[in-house]
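>>> my questions concern the predicted model and sequence given below.
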Amino acid sequence: LGGSISRALQQMSNATVIDEKVLNECLNEISRALLQSDVQFKLVRDMQTNIKKIVNLDDLAAGHNKRKIIQQIGVDKVLGQTVLLYWEGVSPNGVAIFNELCKILDPGKPSFTPKKGKTSVIMFVGLQGCGKTTSCTKYAYYHQKKGWKPALVCADTFRAGAFDQLKQNATKAKIPFYGSYMESDPATIAVEGVERFKKENCDLIIVDTSGRHKQEAALFEEMRQVSEATKPDLVIFVMDSSIGQAAFDQAQAFKKSVSVGAVIVTKMDGHAKGGGALSAVAATKSPVIFIGTGEHMDEFEVFDAKPFVSRLLGMGDLSGFMDKLQDVVPMDQQPELLEKLSEGFTLRILYEQYQNLLKMGPIGFSSELMPQGRENENQAKIKRCMTIMDSMTNEELDSVNTKLMNESRMMRIARGSGRTVREVMEMLEEYKRIAKAWSKMKGLQNLRRRPNMST
Ligand code: GDP
Ligand code: MG
């Protein structure tokens with residue numbers, strides 16, 4: 001995906017003259033990629049129209065100002081390769097494609113925001129398996145960590161075991177819960193639960209509901225009844241990122257029966273790019289507030305349009321990478337590092353980044369480069385790693401993975417640095433973890449695949 005967009009942009013910037021035909025070809029390529037990422041056809045078409053409005057057609061006709069046009073669209077060169085740009089900070093002259101997509105994700109008004117210390121009732125809706133129960137718990141846990149008093153109510157009487165699942169999740173997170181094995185009317189249970197937790201002064205009462213495999217009249221009637229009974233301050237539509245083009249109809253169907261005010265997109269750790277989220281926002285006129293990035297309780301992130309759109313365009317990881325780069329590497333060294341990284345993440349690169357981190361002090365200590373651990377231990381750990389690396393040969397430092405390492409080399413390094421073999425191994429594990437995290441950045445892979453292509 002990212003590849004085809006890069007190619008299209010490359011072609012555009014290679015063209016001696018950017019005329020309407022060249023621009024159309026590029027926009028078509030981007031549109032194709034977006035459609036494949038499940039962005040709705042209408043939204044893609046609108047975006048195309050808007051971009052053409054932004055790009056001055058007179059300039060196009062005259063065939064000059066190529067640089068300006070490219071910048072307006074939001075294209076620039078990184079490592080000699082043309083890439084789509086992500087946000088204003090990088091390309092001050094405009095990032096039209098990127099901005100248009102961010103705009104679709106912004107319904108223009110924020111969702112209802114619960115306030116700590118006041119009681120809010122939040123109802124979760126969505127089809128079966130989309131991740132409601134999981135997201136309810138994550139949402140509760142997220143707030144609990146910030147000192148809130150959340151509670152969970154299970155109003156799913158449709159699926160066998162639904163209450164047990166919620167109970168298990170809630171117990172694990174030490175969050176109070178309410179449900180029933182006897183009562184079969186969801187609205188009744190929901191009201192009982194909400195009333196109980198209001199008495200207990202909980203500030204976030206979260207109502208989990210049932211789903212169905214398909215959009216059925218019975219489900220929407222049930223949602224209407226639960227909503228009417230509990231009068232939620234906010235209804236959150238939960239959407240599986242892999243539902244594809246069905247997102248618009250699904251979101252709209254829920255919106256028609258209850259007043260959806262926010263969206264959560266789950267399973268963003270999977271392959272789906274989540275383009276359906278744009279449709280869900282358009283259908284419900286509500287913002288995405290969180291994304292689910294795994295099955296665990298803490299794999300839950302506040303939604304941020306920029307990385308989301310970058311990922312949609314197949315460049316997400318590059319933008320994250322640029323962020324990290326700006327965190328840890330001084331500005332003037334950044335192009336050089338990119339150049340080096342295009343050949344792989346070596347131990348020497350890690351060594352240099354550790355040097356940078358130590359220079360920066362504690363504020364730099366939030367990035368991927370950091371060893372997992374507590375802040376005050378990190379400095380010592382970095383220094384220890386660097387001592388170990390000081391005993392490595394150039395060949396070892398410049399190799400991309402640890403294949404070169406064997407027992408005798410590790411023993412030699414351990415002796416030379418006054419550390420144990422075990423510590424050397426730990427250091428190498430740390431390197432592998434970081435190298436893996438960096439290699440997962442897709443944009444970086446694109447750069448690596450065609451490192452010397454210049455335009
Ligand atoms: P519900 O039927 O809507 O309540 O969906 P559940 O909360 O029971 O989730 C269905 C399945 O999706 C479960 O196996 C969850 O562990 C899984 N799941 C939910 N959210 C995520 C997520 O963000 N990432 C991943 N990988 N799995 C998730
Ligand atoms: Mg459930």
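Yep, that arrived. Numbering: from 1, shown residues only. Ligands and ions are numbered 1, 2, ... in the order given.
>>> rest of the way, CA atoms for contacts and neighbours
OK.
>>> quick check: residue 47 touching residue 102?
No - applying C-alpha atoms under 8 Å, one finds residue 47 not in contact with residue 102, separated by 10.6 Å.
>>> can you list residues touching both of the two?
Common contact partners of residue 47 and residue 102 (C-alpha atoms under 8 Å, 6 or more residues apart in numbering): none.
>>> where does the protein have low pLDDT?
1-18, 56-96, 310, 314-339, 341-342, 356-357, 359-378, 437-455 (pLDDT under 70).
>>> show me which residues of it sit near ligand 1.
Counting by C-alpha under 6 Å from any ligand atom, the residues of the chain close to ligand 1 are 128-134, 266-269, 292-295.
>>> thought residue 226 was touching residue 192?
No - using C-alpha under 8 Å, residue 226 makes no contact with residue 192, being 11.4 Å away.
>>> can you give the distance from stretch 180-195 to the centre of its chain?
Relative to the mean C-alpha coordinate of its chain, stretch 180-195 is positioned 35 Å out (C-alpha atoms, centre = their mean, to the nearest Å).
>>> pop the domain breakdown of this protein in here.
Per automatic domain parsing, the structural domains of the chain span 2-104, 120-312, 316-449.
>>> any idea which of those is most buried?
domain 120-312 (a mean of 21; mean count of other C-alpha atoms under 10 Å).
>>> excluding chain neighbours, what is closest to residue 128?
residue 211 (4.1 Å; C-alpha to C-alpha, 6 or more residues apart in numbering).
>>> next one: residue 385
Nearest residue to residue 385, sequence neighbours excluded (C-alpha to C-alpha, 6+ apart): residue 427, at 5.9 Å.
>>> ok, now residue 302?
residue 290 is the one closest to residue 302 (C-alpha to C-alpha, 6+ apart), at 4.5 Å.
>>> which other helices and strands does the helix or strand containing the one you found contact?
According to DSSP states H and E, residue 290 maps onto strand 288-292. Strand 288-292 is packed against strand 260-266, strand 300-302, with contacts defined by 3 or more C-alpha pairs under 8 Å, 6 or more residues apart in numbering; DSSP states H and E.
>>> kindly format the C-alpha coordinates of it as CSV.
In CSV, the C-alpha atoms belonging to strand 288-292 read as follows (Å, rounded to 0.1, in the frame of the first residue of the first chain):
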residue,chain,number,x,y,z
VAL,A,288,-13.1,8.5,17.6
ILE,A,289,-11.9,8.8,21.2
PHE,A,290,-9.9,5.6,21.8
ILE,A,291,-8.3,2.8,19.9
GLY,A,292,-7.8,-0.8,21.1
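>>> strand 260-266 and that strand, what's the angle between them?
20 degrees (axes from the mean of the first three to the mean of the last three C-alpha atoms, to 10 degrees).
>>> what residues does strand 288-292 touch?
Residues from elsewhere that reach strand 288-292 (C-alpha under 8 Å, 6+ apart): 105, 135, 262-269, 277, 281, 299-303.
>>> hey, what's the nearest residue to residue 130 once chain neighbours are set aside bridged with?
Using C-alpha to C-alpha, 6+ apart and skipping residues adjacent in sequence, the residue nearest residue 130 is residue 240, 4.8 Å away. Judged by DSSP bridges, the bridge partners of residue 240 are residue 266.
>>> gap between residue 240 and residue 139?
Distance from residue 240 to residue 139, counting by C-alpha to C-alpha, to the nearest Å: 16 Å.
>>> what segments of this protein are strands?
75-78, 81-84, 120-125, 150-155, 177-178, 204-209, 234-240, 260-266, 288-292, 300-302 (DSSP state E).
>>> what's the last one packed up against?
Counting contacts by 3+ C-alpha pairs under 8 Å, 6+ apart, strand 300-302 is packed against helix 132-145, strand 288-292.
>>> next one: the fourth one
Contacting strand 150-155 under the criterion 3+ C-alpha pairs under 8 Å, 6+ apart are the following elements: helix 132-145, helix 162-173, strand 177-178, helix 186-199, strand 204-209.
>>> and for the fifth one?
Counting contacts by 3+ C-alpha pairs under 8 Å, 6+ apart, strand 177-178 is packed against strand 150-155, helix 162-173.
>>> how far away from the center of its chain is that strand?
On C-alpha atoms, centre = their mean, the centre of strand 177-178 falls 31 Å from that of its chain.
>>> now what about that strand, what contacts it?
Here strand 177-178 has contacts from 151, 152, 153, 154, 166, 167, 170, 193, using C-alpha under 8 Å, 6+ apart.
>>> which of these sits closest to residue 402?
When these are compared for distance to residue 402 (C-alpha to C-alpha), residue 170 wins out at 42.3 Å.
>>> gap between that closest one and residue 133?
10 Å.
>>> so what's residue 110 up against?
So residue 110 contacts 286, 287 (C-alpha under 8 Å, 6+ apart).
>>> over to it: give its phi and psi.
phi -70, psi 160 (degrees, to the nearest 10).
>>> nearest to ligand 1: which residue in the stretch 301-450 of the chain?
Nearest residue of the stretch 301-450 of the chain to ligand 1: residue 301, at 9.7 Å (C-alpha to the nearest ligand atom).
>>> who touches that residue in this structure?
The contact partners of residue 301, by C-alpha under 8 Å, 6+ apart, come to 290, 291, 292, 293.
>>> so what's it bridging to?
Beta-bridge partners of residue 301, as defined by DSSP bridges: residue 291.
>>> distance of it from residue 267?
Taking C-alpha to C-alpha as the measure, residue 301 falls 12 Å from residue 267.
>>> quick one: residue 119 from residue 154, how far?
For residue 119, the distance to residue 154 - C-alpha to C-alpha - is 18 Å.
>>> contacts only, for residue 232.
So residue 232 contacts 120, 121, 122, 123 (C-alpha under 8 Å, 6+ apart).
>>> next one: residue 282
104, 105, 107, 248.
>>> residue 215 reaches residue 251, doesn't it?
No - counting by C-alpha under 8 Å, residue 215 stays clear of residue 251, with 10.2 Å between them.
>>> what residue is smack in the middle of this protein?
The geometric centre of the chain, computed from its C-alpha atoms, lies nearest to residue 308 (C-alpha atoms, centre = their mean), at 5.2 Å.
>>> quick one: that one and residue 274, what's the gap?
From residue 308 to residue 274 the distance is 8 Å (C-alpha to C-alpha).
>>> sounds good, over and out.
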